[in-house]
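Chemist: Take a look and give me a structure for this.
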Amino acid sequence: LPEHQAPSCPVCCGPIRGLATRLPSCQRSRSAVTCRLSGTLLDEDNPPLVLPSGHVYAEAAVLRLEAAHGGGAFRDPRTDDVVTMGSLRRAYFL
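Modeler: Sure, this is the predicted structure:
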């Protein structure tokens, strides 16, 4: 998928996208932010973490990456940069 499209977005998928172009856009009074890496909801139980590159992933996804790389550091899936856990910042949405 292109950079601006999310894999879990039904409107971004090929077959549905054609149907969605003719529909009026809906306004949501409440937004949900999901992790681009895992597709999980970002909330107080799974907070967003900002990497030095500026990419934002869910804490659970970052912990899985860290565990897969032996702990302490991991590679950013989008930039391939090595990221240490100490370089991450927590993000807050208002």
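
Chemist: How about Phe93: what's its closest non-neighbour residue?
Modeler: Leaving out its chain neighbours, the residue that sits closest to Phe93 by CB to CB, 6 or more residues apart in numbering is Val33, at 6.3 Å. The C-beta positions use only the backbone N, C-alpha and C, and glycine is treated the same way.

Chemist: before we move on, what about His69?
Modeler: Arg75 (6.7 Å).

Chemist: Hmm, that neighbour is touching Ala68, no?
Modeler: No. Applying CB atoms under 8 Å as the test, Arg75 and Ala68 come out as separate, 9.5 Å apart.

Chemist: ok, these two, which is more surrounded?
Modeler: Arg75 (13 against 10; other CB atoms under 10 Å).

Chemist: which ones are touching Leu41?
Modeler: Ala32, Val33, Thr34, Cys35, Ala58 (CB atoms under 8 Å, 6 or more residues apart in numbering).

Chemist: Can you select the buried ones from the residues you listed in ChimeraX?
Modeler: The ChimeraX selection below is limited to those of the contacts of Leu41 classed as buried (16 or more other CB atoms under 10 Å):
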select :34,35,58
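
Chemist: Narrow the contacts of Leu41 to those in strands?
Modeler: Ala58 (DSSP state E).

Chemist: Next, format the contacts of Leu41 as JSON lines and append pLDDT and distance to Leu19.
Modeler: Shown next, in JSON lines, are the contacts of Leu41 (pLDDT from 0 to 100; distance: CB to CB, whole Å):
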{"residue": "Ala32", "pLDDT": "81", "distance to Leu19": "22"}
{"residue": "Val33", "pLDDT": "87", "distance to Leu19": "25"}
{"residue": "Thr34", "pLDDT": "90", "distance to Leu19": "22"}
{"residue": "Cys35", "pLDDT": "92", "distance to Leu19": "26"}
{"residue": "Ala58", "pLDDT": "96", "distance to Leu19": "30"}
